[in-house]
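Undergrad: no sequence for this one, just the structure:
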């Protein structure tokens with residue numbers, strides 16, 4: 001057993017001294033740094049910024065868009081349509097104003113045209129049909145416009161080779177788009 005001497009029992013003087021530490025008032029530093037980092041990440045994801053996020057290949061985009069258009073067309077649940085609408089609009093938020101305007105203009109125009117065509121359904125007691133079909137048309141047209149706005153045509157026609165589309169069809173499609 002270890003016996004302490006009186007000298008070892010005493011607390012050193014520097015431990016008993018009063019501290020007058022006054023922390024700086026800058027408590028927002030962490031929040032400021034976090035917000036600046038978040039803004040930096042969001043601005044790098046923008047399409048029109050100097051730093052662009054690398055997107056998927058055109059072939060993957062075509063498959064993705066066609067898959068969700070088929071899901072949207074076959075959907076009978078309004079919840080799924082609203083989720084798709086929320087996801088599409090959230091993705092569109094990262095686009096520049098010109099591209100966003102083009103996507104929304106084409107989608108809204110197609111939806112309004114489908115509403116006009118389905119207007120008799122309201123008078124026959126099926127107003128939900130008009131809204132559902134119009135929402136499906138808006139989603140489908142806006143997703144296709146998103147594909148055409150975010151992917152150059154030459155890369156889209158090049159992606160058709162992945163799907164083993166005949167060269168004569170790709171050539172005709174490419175010439176049609178150019179002229």
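TA: Alright, I've got the coordinates. Please read all numbers here as calculations on a predicted model, not as lab measurements.

Undergrad: how many neighbours does the closest residue to residue 58 other than its chain neighbours have?
TA: Nearest residue to residue 58, sequence neighbours excluded (CB to CB, 6 or more residues apart in numbering): residue 159, at 3.7 Å. Any C-beta I mention is one placed from the backbone N, CA and C, and that applies to glycine too. Residues near residue 159, counting by other CB atoms under 10 Å, number 19.

Undergrad: Of all the residues in the one helix or strand residue 159 maps to, which ones are buried?
TA: Following DSSP states H and E, one finds residue 159 within helix 153-159. Going by neighbour count (16 or more other CB atoms under 10 Å), the buried part of helix 153-159 is 156-157, 159.

Undergrad: Can you tell me what sits against the biggest helix by length in the chain?
TA: Scanning the chain for the longest helix, with DSSP state H as the assignment, gives helix 127-150. Under the criterion CB atoms under 8 Å, 6 or more residues apart in numbering, residues 47, 55, 61-62, 65, 68-69, 72-73, 75, 78, 81, 84-85, 88, 91-92, 95, 99, 102-104, 106-108, 110-115, 118-119, 121-122, 156 lie in contact with helix 127-150.

Undergrad: Next, report how far that helix is displaced from the centre of its chain.
TA: Remark: helix 127-150 is offset 16 Å from the chain centroid, using CA atoms, centre = their mean, to the nearest Å.

Undergrad: What residues sit buried inside it?
TA: So helix 127-150, judged by 16+ other CB under 10 Å, has buried residues 130-147, 149-150.

Undergrad: give me every residue that touches the most centrally placed residue in the chain.
TA: With distances taken as CA atoms, centre = their mean, residue 91 lies nearest the centre of the chain, 2.3 Å away. Taking CB under 8 Å, 6+ apart, we find residue 91 in contact with residue 146.

Undergrad: picking up where we left off before, tell me the helices and strands packed up against the helix holding residue 159.
TA: Other elements packing on helix 153-159 under the criterion 3 or more CB pairs under 8 Å, 6 or more residues apart in numbering; DSSP states H and E are helix 58-74, helix 167-178.
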